[in-house]
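here is the input, now give the coordinates:
(one chain, ligands or ions: 2)
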Amino acid sequence: MMNFTQLVLASHNAGKLKELQAMLGESVHLRSIGEFSSVEPEETGLSFVENAILKARNASRISGLPALADDSGLAVDFLGGAPGIYSARYADGKGDAANNAKLLDVLKDVPEAERGAQFVCVLALVRHADDPLPILCEGLWHGRILTQASGEHGFGYDPLFWVPERECSSAELSPSDKNLISHRARAMDLLRQRLGLK
Ligand SMILES: O=c1nc[nH]c2c1ncn2[C@H]1C[C@H](O)[C@@H](COP(=O)(O)OP(=O)(O)OP(=O)(O)O)O1
Ligand SMILES: [Mg+2]
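Ligands and ions are numbered 1, 2, ... in the order given. Below is the predicted model:
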């Protein structure tokens, strides 16, 4: 079985690094790609899988280490799955607050019953930059889009995401609770199984 004590995380998102490191525990040290380069690769894929593989290969090439990438986003039913892979770029790169404001505005007349959404996370692990067999794991988290932001934890769209099983927004969950039930937690669970880490 593969044994990774050091992995580079192909992400410039500090929220992801924190969550993924907490899920992996101390046996694996996740190093940020930011230690090696500040240049972000263009996410040219049309799916989470393609973008996750592209980011993992790029990070492995730059660092010389095995690389883990997380491509994730929010798929809103009423919008046919948008913003999806474009979640980070929804408001043209103006950041989380602008993305959230745009989503609230687009959905402002949509009734509660039609506000279903899922967070999606695809993790891709490559042993080296040209690895022909990346490990891919997917996690989904079903919820609803709120009509106003609520909560201070997490990052991205967390303040807008209602978690039915906890009756609060995902930004109102403690970080450790979010890490038990999120899309990222589900994908990481599968990855840990694949790597024989549990
Ligand atoms: O748990 C989450 N809670 C709230 N929002 C989330 C979550 N997970 C993904 N998201 C949002 C943030 C961003 O708008 C997009 C990910 O975009 P995505 O390209 O995968 O990540 P990113 O550009 O922030 O960092 P990077 O590509 O360097 O890993 O979905
Ligand atoms: Mg990105």
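
C-alpha from now on. contacts and neighbour counts both.
Will do.

can you tell me the element the closest residue to G45 other than its chain neighbours falls in?
Excluding its sequence neighbours, the residue lying closest to G45 (CA to CA, 6 or more residues apart in numbering) is N51, at 5.0 Å. Element membership for N51, per DSSP states H and E: helix 48-63.

also L7?
With DSSP H and E as the test, L7 turns up in strand 6-9.

the helix or strand following that strand packs against which elements?
Counting by DSSP H and E, the next helix or strand C-terminal to strand 6-9 is helix 14-24. In terms of contacts (3 or more CA pairs under 8 Å, 6 or more residues apart in numbering; DSSP states H and E), helix 14-24 is packed against strand 29-32, helix 175-181, helix 183-194.

reformat those as JSON lines; add distance to ligand 1.
Below are the helices and strands packed on helix 14-24 laid out as JSON lines (distance: least, CA to the nearest ligand atom, whole Å):
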{"stretch": "strand 29-32", "distance to ligand 1": "10"}
{"stretch": "helix 175-181", "distance to ligand 1": "8"}
{"stretch": "helix 183-194", "distance to ligand 1": "7"}
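
surely G143 is in contact with F161?
Yes - applying CA atoms under 8 Å as the test, G143 and F161 come out as touching, 6.4 Å apart.

if we can go back for a sec, how about the helices and strands packed on helix 14-24 in a markdown table, adding mean pLDDT?
As requested, these are exported to a markdown table (pLDDT from 0 to 100):
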| stretch | mean pLDDT |
| --- | --- |
| strand 29-32 | 95 |
| helix 175-181 | 98 |
| helix 183-194 | 97 |
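
sorry, back to before: and G143 and F161? Which one has more around it.
F161 (29 against 20; other CA atoms under 10 Å).

interface residues of this protein facing ligand 1?
Residues of the chain lying close to ligand 1 (CA under 6 Å from any ligand atom) are 11-13, 70-74, 87-88, 155-158.

give me the buried subset of these.
The neighbour count (16 or more other CA atoms under 10 Å) marks S11, H12, D70, D71, S72, G73, L74, S87, A88, G156, Y157, D158 as buried among these.

do I have it right that the second one meets G34?
Yes - look at H12 against G34 with CA under 8 Å: they come within range, at 6.3 Å.
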